[in-house]
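Asker: predicted structure and sequence below. I'll ask about it afterward.
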Amino acid sequence: MNGFPILRYTFIALFLCLGSFSSLMNVNSLSSKKPTLLNDAPILIATGNQIYCPGSQINIVTNMSITDPDDTGIDAIYIQISSGYVFGQDILTLTGTHPSIVFNWDAPTGKLTLTGSAGQPTYVDLIAAIEDVVFSNSSANPTGVRTFSITVGQANYLPSNGHYYEYVPNIGITWSAARTAAANRTYYGLQGYLATITAADEAQLSGEQAAGAGWIGGSDEANEGVWRWMTGPEAGTIFWNGGVNGTTPNYANWNNGEPNNAGDEDYAHITAPGVGIPGSWNDLSNTGEASGDYQPKGYIVEYGGMPGDPVLQISTSTTITIPSIISSVGQSRCGEGSVTLTANASAGTVKWYTTPNGGTPIATGNSFTTPNLTQTTTYYIDAFEVGCTTGTRTAVQATINEIPEVIIVDPNPVCGENSAILTASTTAGTISWYSAETGGTSLGSGNTFTTPILSEDTTFYVEAFNNGCSSGNRIPLNVLVYDLPDVEDETVTLCEGSVITLNAGVSNATYLWSTGETSQSIQVNNNANYSVVVTSLAAGNCSKTKNFTIVQYDIPVIETVVVNDTSVEIIATGNGEYEYSIDGFNYQDSNLFTVGEGGLYTAYVRERINNCGYSDEQTFVVILVPQFFSPNGDGFNDIFYLEGMEFYPNSSITIFNRYGKLIKQITPSNPFWDGTFEGEKLPANDYWYVLKIDDTTPERKGHFSLLR
């Protein structure tokens, strides 16, 4: 959005009187000239903290007074929704008949300006207009509190701390210069400083409702990652520790991904409009960028709270509260009965209903005790204030939790030192498992529980809970333990295309392979997963599964060769341990190569541990753009030439000077440049190029040097 004008208002107890208070409004303390005549500042007092009914409009004050012993009028009055403002919904409008007053509503900043239609308006006319300013909201269900600031200056006034905020446009100003410039400004005698933002409403007013991007008073220059306010009353106060994922001991409003310290960025800045969260912060270097969203466009000056500041009454404020339910608490119980529900409203009285719309209230007040309930029941509430309700009702639930019953499944015996899976279900809620009949902590929850490794018969216990309601005494489950066949999982290596034998490894047992075979050993020729269930012939007839993991080393296949300037990457598929080469003799573990010359190369890949084979060869071309050439006739680098270009008949490189003028186009049929243009030697300088390989390869852009 566009920045609002730089404020030029200062009050330092003495002013140069030029005939009216309007002359005071054009004095700025940056001037060292001392005034000679006294001009008192006006005193503004407004009353009218009220309740707002959705769908209506309401005067922002019930009474307004302006006291000024030496002036009868002023150039303008500024009325702003300084906290709680909702852009696109809230609006201030002047009603009634005020022929001497002109009003202007600026929606982005939430500010209404009252000025004279012909010359300076009188206080009498301004007071009458202020008392006819109304607030309205277009939402069917608005919420919250709105604070209206009424002031004689354009600076944004925040009633919650009594401070003023001014955006000063200054494209390209550094943080250091902005800090000095802010300290040299005053506002009605209040000392200026780069803004120190310590609360959400302050952030909204000075950032989101301000006019543009600009510096604020935070920095981590002294200690990287420790952000302090460097200006104003909060100078030295830490407000952020760390980087993007840091924490604040009080308040911070960083944008997403900030502060990122990208390029030694040590200074806090209001983010440009349209970049991330409105009014949030980012970090910049002292100078910021030369243009774009991260170029400083100005700075935010805060006034108020400094030692020696005068006590002013040039601003006043009122609030409206929109009746709404601000909190509600449902309740629950085990089994049938009554519960007590509670709720609080921002204003007015809480009314309780049995339906979401219509009907008559069944109770009023912040609490309601239900009748005897046998099932979960939802009630509805709204806030009522002299015929004004919140609109949409809020649901509050009285929950009747069923007392659960446990249904157990007898556990299977355990073979050997192993774990068992226990199973139980419940009519409601969740099962909890224990190692003791009473007391202790839960071992786990859910319908199944896997025990720890067991070496002897063990008893476990189960209990169900449904939202805190217990099933009663715990039910025991006994787990019996038997011996297992002595088998262990095995990993077997297989070269692609070969056959190997898998053996169960235990005799005097029965076998059932995953292939359906029943012998002690089988032969396989692929890398599928195999297993055999070995069942002991001894007491218990316990079975144990032996799993075979087949690791197959594949013959490598070159998928592609990626060339990026001097960098070459061979991409091959397969799961072997591979070595790579680009000359067929020298192999290395890495698939990344750096080449020094352009031309035709060949890629090779081989499996190096089990000698499982070689890949097919794949040729590739490297085209290198030289970083410089020196056409001086010494026999070295006298021409600009791209090795490898001859392998791409449709390739070309277009050369430009620093001003974008076309100098030369090189093709495979005309592959050289001697550093001349139209027969004249070009000067030593940087030249820019656009390289096109073919229709499927993205263009490459860069520059090189011509040396003389």
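Answerer: Sure, I can see it. Numbering: from 1, shown residues only.

Asker: now the strand or helix carrying residue 165: mean pLDDT?
Answerer: Assigned by DSSP states H and E, residue 165 belongs to strand 163-169. Averaged over strand 163-169, pLDDT sits at 94.

Asker: pull the residues that contact that strand.
Answerer: 3-4, 6-7, 151, 153-158, 181-182, 185, 187, 190, 192, 195, 202, 205-206, 210-212, 214, 297-305, 315 (C-beta atoms under 8 Å, 6 or more residues apart in numbering). (C-beta placed from N, C-alpha, C; glycine too.)

Asker: just the buried members of those?
Answerer: Buried residues within the contacts of strand 163-169, counting neighbours by 16 or more other C-beta atoms under 10 Å: 3-4, 7, 151, 153-158, 181-182, 185, 187, 190, 192, 195, 202, 205-206, 210-212, 214, 297-305, 315.

Asker: show me the contacts of strand 163-169 that map onto strands.
Answerer: Within the contacts of strand 163-169, residues falling in strands by DSSP state E are 151, 156-158, 187, 190, 192, 214, 298-303, 315.

Asker: out of these, which comes closest to residue 429?
Answerer: The nearest member of the ones in strands among the contacts of strand 163-169 to residue 429, counting by C-beta to C-beta, is residue 158 at 50.9 Å.

Asker: re earlier: what angle separates the strand holding residue 165 from strand 298-303?
Answerer: 160 degrees (axes from the mean of the first three to the mean of the last three C-alpha atoms, to 10 degrees).

Asker: centre of the chain to strand 163-169, how far?
Answerer: From the chain centre to the centre of strand 163-169 is a distance of 27 Å (C-alpha atoms, centre = their mean, to the nearest Å).

Asker: partner strands of that strand, with direction?
Answerer: strand 156-158 (antiparallel), strand 298-303 (antiparallel) (DSSP bridges).

Asker: now render the ones you listed as CSV, adding distance to residue 385 and mean pLDDT.
Answerer: Shown next, in CSV, are those (distance: least, C-beta to C-beta, whole Å; pLDDT from 0 to 100):
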stretch, distance to residue 385, mean pLDDT
strand 156-158, 27, 92
strand 298-303, 36, 96
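
Asker: run a quick neighbour tally on the closest residue to residue 546 other than its chain neighbours.
Answerer: Leaving aside its sequence neighbours, residue 546 sits nearest to residue 487 (C-beta to C-beta, 6 or more residues apart in numbering; 4.2 Å). By the criterion of other C-beta atoms under 10 Å, residue 487 has 19 neighbours.

Asker: so residue 487 makes contact with residue 511?
Answerer: No - the pair residue 487 / residue 511 is not scored as a contact, 10.3 Å apart, by C-beta atoms under 8 Å.

Asker: who touches both of those two?
Answerer: Shared contacts of residue 487 and residue 511 (C-beta under 8 Å, 6+ apart): 504, 534.

Asker: next, the contact list for residue 172, please.
Answerer: Applying C-beta under 8 Å, 6+ apart to residue 172 gives the contacts 287-288, 290, 295-296.

Asker: and if we set it to 10 Å?
Answerer: Going by C-beta atoms under 10 Å, 6 or more residues apart in numbering, residue 172 touches 287-291, 295-298.

Asker: could you dump the residues you listed to CSV with distance to residue 41?
Answerer: Below are those laid out as CSV (distance: C-beta to C-beta, whole Å):
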residue, distance to residue 41
287, 39
288, 37
289, 41
290, 42
291, 41
295, 37
296, 33
297, 31
298, 27
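
Asker: filter the residues you listed to the buried ones?
Answerer: Buried residues within these, counting neighbours by 16+ other C-beta under 10 Å: 288, 296-298.

Asker: so what's residue 463 up against?
Answerer: Residues near residue 463 by C-beta under 10 Å, 6+ apart: 404, 406, 424, 426, 430-434, 442, 470-475.

Asker: among the residues you listed, which lie within helices?
Answerer: Among the contacts of residue 463, no member falls in helices (DSSP state H).

Asker: how about those, which pair is most distant?
Answerer: Farthest apart among the contacts of residue 463 by C-beta to C-beta are 430 and 473. That separation is 17.4 Å.

Asker: for these two, indicate the residue with more neighbours.
Answerer: Set residue 430 next to residue 473 and count neighbours by other C-beta under 10 Å: residue 430 wins out with 14 against 11.

Asker: not counting sequence-adjacent ones, nearest residue to that one?
Answerer: Closest residue to residue 430 apart from its sequence neighbours, by C-beta to C-beta, 6+ apart: residue 445 at 5.3 Å.

Asker: what's the burial count for the one you found?
Answerer: Using other C-beta under 10 Å, residue 445 is surrounded by 13 other residues.

Asker: what's the distance between it and residue 175?
Answerer: Going from residue 445 to residue 175 by C-beta to C-beta, to the nearest Å gives 55 Å.

Asker: go on, residue 579?
Answerer: Distance, residue 579 to residue 175, using C-beta to C-beta: 54 Å.

Asker: and the two? which has more neighbours close in?
Answerer: Neighbour count, other C-beta under 10 Å: between residue 579 and residue 175, residue 175 has more, with 26 against 18.

Asker: coming back round to it: for the residue nearest to residue 546, which residues are in contact?
Answerer: When contacts are counted by C-beta under 10 Å, 6+ apart, residue 487 touches 504-506, 509, 532-534, 536, 543-547.

Asker: correct me, but residue 602 touches residue 584?
Answerer: Yes - in this structure residue 602 lies within contact range of residue 584 using C-beta atoms under 10 Å: 6.7 Å.

Asker: CA atoms only for the lengthiest strand in the chain, dumped as CSV, please.
Answerer: Identified as the longest strand of the chain according to DSSP E is strand 543-553. In CSV, the C-alpha atoms belonging to strand 543-553 read as follows (Å, rounded to 0.1, in the frame of the first residue of the first chain):
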residue,chain,number,x,y,z
SER,A,543,7.4,-73.7,15.7
LYS,A,544,9.8,-70.9,14.8
THR,A,545,10.2,-69.2,11.4
LYS,A,546,13.6,-68.8,9.9
ASN,A,547,13.7,-65.9,7.4
PHE,A,548,16.1,-65.7,4.5
THR,A,549,17.1,-62.3,3.2
ILE,A,550,18.4,-62.6,-0.4
VAL,A,551,20.7,-59.7,-1.3
GLN,A,552,21.0,-59.7,-5.1
TYR,A,553,23.8,-57.8,-6.7
